[in-house]
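Visitor: Here is my input; please provide its structure:
(one chain, ligands or ions: 2)
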Amino acid sequence: MQSCVFCKIVAGEIPCKKIYEDDALFAFEDVNPAAPIHILIIPKKHMETLHEIQDADKELIGSIFVAANEIARKQGIAQEGFRIVANCGENGGQTVFHIHYHLLGGRRMEWPPG
Ligand code: 5GP
Ligand code: ZN
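Guide: Ligands and ions are numbered 1, 2, ... in the order given. Purely as a prediction, here's the structure:
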């Protein structure tokens, strides 16, 4: 999608610190990190919100968590633990409307979220 920031990152039109890429997924450092490790994992396919996920996307969405495990291992946070967050829509606090999963680590997380 032409006006989408994350589609532009996937296309190389906006620079990023790339962490991982395969045929369907892309991962990069968050520009405004909320933790020592803050990586965004996204499907290359433009989908606006989690609410769009359908049966046909089950494998794609599952692969995000497999990639997250691989990234967490490489980042050295697999053993100590990490958090994966996905915000959906206005009340979910979503600001970029291309599905993304935040992988956060490197510090103790708090609960509940704000
Ligand atoms: P949301 O609030 O939608 O769950 O998360 C969007 C995230 O995208 C935010 O943490 C924000 O810092 C990050 N972000 C927004 N624009 C850019 C960008 O151009 N580059 C990178 N690397 N991250 C971005
Ligand atoms: Zn997009």
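Visitor: mind saving the C-alpha coords of the longest helix belonging to the chain as CSV?
Guide: Using DSSP state H to define each element, the chain has its longest helix at helix 58-75. What follows is helix 58-75 as a C-alpha-only set of coordinates in CSV (Å, rounded to 0.1, in the frame of the first residue of the first chain):
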residue,chain,number,x,y,z
LYS,A,58,-3.2,-18.9,10.0
GLU,A,59,0.1,-20.1,8.7
LEU,A,60,1.4,-16.6,8.1
ILE,A,61,0.5,-15.5,11.6
GLY,A,62,1.9,-18.6,13.1
SER,A,63,5.2,-18.1,11.3
ILE,A,64,5.5,-14.7,13.1
PHE,A,65,5.9,-16.5,16.4
VAL,A,66,8.4,-19.0,15.0
ALA,A,67,10.4,-16.0,13.6
ALA,A,68,10.1,-14.2,17.0
ASN,A,69,11.6,-17.2,18.7
GLU,A,70,14.5,-17.3,16.3
ILE,A,71,15.1,-13.5,16.7
ALA,A,72,14.9,-13.8,20.5
ARG,A,73,17.5,-16.5,20.5
LYS,A,74,19.8,-14.5,18.3
GLN,A,75,19.3,-11.4,20.5
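Visitor: so after that helix, what's the next helix or strand?
Guide: Remark: after helix 58-75, the chain's next helix or strand is strand 82-85, criterion DSSP states H and E.
Visitor: before we move on, which element is I41 in?
Guide: Using DSSP H and E, I41 maps to strand 37-43.
Visitor: Check which helices and strands that strand sits against.
Guide: helix 5-10, strand 25-29, helix 58-75, strand 101-105 (3 or more CB pairs under 8 Å, 6 or more residues apart in numbering; DSSP states H and E). No exception for glycine: its C-beta is placed from N, CA and C like everyone else's.
Visitor: The closest residue to I77 other than its chain neighbours: neighbour count?
Guide: If the residues on either side of it in the chain are set aside, I77 comes closest to G105, at 3.6 Å by CB to CB, 6 or more residues apart in numbering. G105 is flanked by 22 other residues according to other CB atoms under 10 Å.
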